[in-house]
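*Asks:* got a predicted structure here, sequence first:
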Amino acid sequence: MSAQCQVTGRRPSFGKAVSHSHTRTSRRWNPNLQRKTYHLPSEGRRVRLTVCTKGIAVIDRDGIEAVVARLRARGERI
């Protein structure tokens with residue numbers, strides 16, 4: 001499973017951790033990914049998506065039907 005949100009496309013960010021002595025080491029910030037199952041009433045089945053917490057808010061705002069339509073238009077298989 002890649003660390004990428006299927007709805008928003010968020011991926012890990014990279015940068016430097018800076019210690020008290022100002023030594024810099026590489027680190028990464030991972031998105032807060034969740035595996036969520038949604039029911040698609042139009043197809044009478046469930047879909048399982050890997051979404052970040054902002055992606056969950058987008059699904060709540062726009063509805064699962066609209067989000068799935070966008071994913072399919074992008075060419076993603078669901």
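*Replies:* Good, I have the coordinates. Numbers count the residues shown, from 1 in each chain.
*Asks:* make it CA atoms for all contacts and neighbour counts henceforth
*Replies:* OK.
*Asks:* from Arg48, how far off is Gly9?
*Replies:* Taking CA to CA, to the nearest Å as the measure, Gly9 falls 16 Å from Arg48.
*Asks:* repeat for Trp29
*Replies:* Going from Trp29 to Arg48 by CA to CA gives 24 Å.
*Asks:* check Gln34 too.
*Replies:* 10 Å.
*Asks:* looking at the two, which is more packed in?
*Replies:* Shown here are Gln34 and Arg48; by other CA atoms under 10 Å, Gln34 has more neighbours (14 against 11).
*Asks:* centroid residue for this protein?
*Replies:* With distances taken as CA atoms, centre = their mean, the residue of the chain nearest its centroid is Cys5 (1.9 Å).
*Asks:* thought Val51 was touching that residue, still the case?
*Replies:* Yes. Assessed by CA atoms under 8 Å, Cys5 is found in contact with Val51 at 4.5 Å.
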